[in-house]
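J.: Need the 3D shape of this:
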Amino acid sequence: MTAGPPAAARAGLIEDGGAAAASAEFFRSPAFLAAEGATHTLRIETDAGAELLAPLVVRPIGADPERDASSPYGFPGLAAPDGLLLDPAAIDFAATGLVSVFFRHRLGPPPLAGASPRNVVQIADPALPRKSRPSDRRQIRRNRERGYELELVPGADADAAQRAGFVDLYEQTMRRTDAARRYFFDPSYFDRVLSAERTWLALATDPRGELAAASIATVSDGYLHYYLSGSADARLSDSPMKNVVALLVDHAEELGLPLNLGGGISRGDALEEFKRGFANREQQWFTSEVVCDPAAYERLSAGREAGGFFPAYRAP
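T.: Numbers count the residues shown, from 1 in each chain. From the prediction side, this is the model:
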């Protein structure tokens, strides 16, 4: 057997719920990591003395003793020195005992070489001229004239009725889009998320005072993120989410931060097109799919038709 390149870094796992990687940034905040069920921190030390930290959700692989891991949802990434670019093949993962790791990177250049381009996300950047379609402006103005009202509530100040209303609209939207079960969360998930610093509920109420659209927004890693949202089935024809997004664009301008609107489910779909109406630039988002134990990965994946799914042994 030919030996591979010498390791330039070594990885280890800390069973701490992600605490070693926790920070004031939302996607690595203690509240968010608890909501997402983070179990460990991955710690990578390079021979040059650099340290990379990432919260992970570590899971058993079926009935086998092996385990794998993935980043929590969103944009948690690896906390790493600016400008660092590390080859995953040069990291010794043996001490982690993991078969594979799926990393969701922060927006910006990833610290791992060979990262995979995923969604292109839509950005409303206050440093650039503001963009909105005439049709969107007309709809937003029409809703205001009809009596729609907007409110931006700090997450910790959102009352029980506002939180319950958001959960209802979010679940209506998930059912309407036939979302996978993993996108349905217990109400306690939203309570934890909204307890984090610099989170808000953006709310649009209809002329009868009933909640018509809502979104959770949060600050993390230099962006205001349009995180989770929902619209009432009965108010879809009014497109009240356009008013909510316009409110968040205003809020991003006040904060002096670009607003990450996210992307679509697939490139060029209706969701991406909706967000493109408010965005004035795009940004590529990356993930990394790392095989830590090639022999175990090959054994577990044998005979699976995975397509591009990672890890292959978890393919539907």
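
J.: In PDB, list the C-alpha atoms belonging to stretch 230-248.
T.: Listed next in PDB are the C-alpha coordinates belonging to stretch 230-248 (Å, rounded to 0.1, in the frame of the first residue of the first chain):
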ATOM      1  CA  GLY A 230     -44.100  31.400   6.800                       C
ATOM      2  CA  SER A 231     -47.200  32.800   5.200                       C
ATOM      3  CA  ALA A 232     -50.900  32.100   5.900                       C
ATOM      4  CA  ASP A 233     -52.600  30.000   3.300                       C
ATOM      5  CA  ALA A 234     -55.600  32.300   3.300                       C
ATOM      6  CA  ARG A 235     -53.400  35.400   2.500                       C
ATOM      7  CA  LEU A 236     -51.200  34.100  -0.300                       C
ATOM      8  CA  SER A 237     -52.900  36.100  -3.000                       C
ATOM      9  CA  ASP A 238     -51.800  39.300  -1.200                       C
ATOM     10  CA  SER A 239     -48.100  38.200  -1.000                       C
ATOM     11  CA  PRO A 240     -47.600  39.700   2.500                       C
ATOM     12  CA  MET A 241     -44.200  38.200   2.700                       C
ATOM     13  CA  LYS A 242     -43.000  40.900   0.300                       C
ATOM     14  CA  ASN A 243     -43.800  43.400   3.000                       C
ATOM     15  CA  VAL A 244     -41.900  41.400   5.500                       C
ATOM     16  CA  VAL A 245     -38.800  41.100   3.300                       C
ATOM     17  CA  ALA A 246     -39.000  44.900   2.600                       C
ATOM     18  CA  LEU A 247     -39.000  45.500   6.400                       C
ATOM     19  CA  LEU A 248     -35.900  43.300   6.700                       C
END
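
J.: In that stretch, which residues are buried?
T.: Judged by neighbour count (16 or more other C-beta atoms under 10 Å), stretch 230-248 contains these buried residues: 230-232, 235, 238-248. Where C-beta positions appear, they are placed from N, C-alpha and C, glycine not excepted.

J.: what's the answer for stretch 41-59, then?
T.: Here stretch 41-59 shows 41-44, 46, 52-58 as buried, counting by 16+ other C-beta under 10 Å.

J.: now do stretch 260-276
T.: Here stretch 260-276 shows 260-264, 271-272, 274-276 as buried, counting by 16+ other C-beta under 10 Å.

J.: What are the boundaries of the strands in the stretch 201-316 of the chain?
T.: Assigned by DSSP state E, counting those that start in this stretch, the strands in the stretch 201-316 of the chain fall at 211-220, 223-231, 259-262, 281-291.

J.: what do you get for the stretch 1-150 of the chain?
T.: Applying DSSP E, counting those that start in this stretch to the stretch 1-150 of the chain gives strands spanning 9-14, 40-46, 51-60, 67-70, 91-92, 98-104, 116-124, 149-154.

J.: what does the fifth one contact?
T.: Spelled out, that is strand 91-92. With C-beta atoms under 8 Å, 6 or more residues apart in numbering as the test, strand 91-92 has contacts from 7-11, 44, 290.

J.: Show me where this protein dips below the pLDDT cut-off.
T.: Applying pLDDT under 70 to the chain picks out residues 1-6.

J.: Tell me which residue lies nearest the centroid of it.
T.: residue 74 (1.4 Å; C-alpha atoms, centre = their mean).

J.: From residue 7, how far off is the nearest residue to that one once chain neighbours are set aside?
T.: Spatial nearest neighbour of residue 74, excluding adjacent residues (C-beta to C-beta, 6 or more residues apart in numbering): residue 27 at 4.7 Å. In this view, residue 27 and residue 7 are 28 Å apart by C-beta to C-beta, to the nearest Å.

J.: Show me which of these two is the more surrounded one.
T.: residue 27 (25 against 15; other C-beta atoms under 10 Å).

J.: from memory that one sits against residue 107, does it?
T.: No. Contact criterion C-beta atoms under 8 Å: residue 27 and residue 107 do not qualify, at 10.2 Å.
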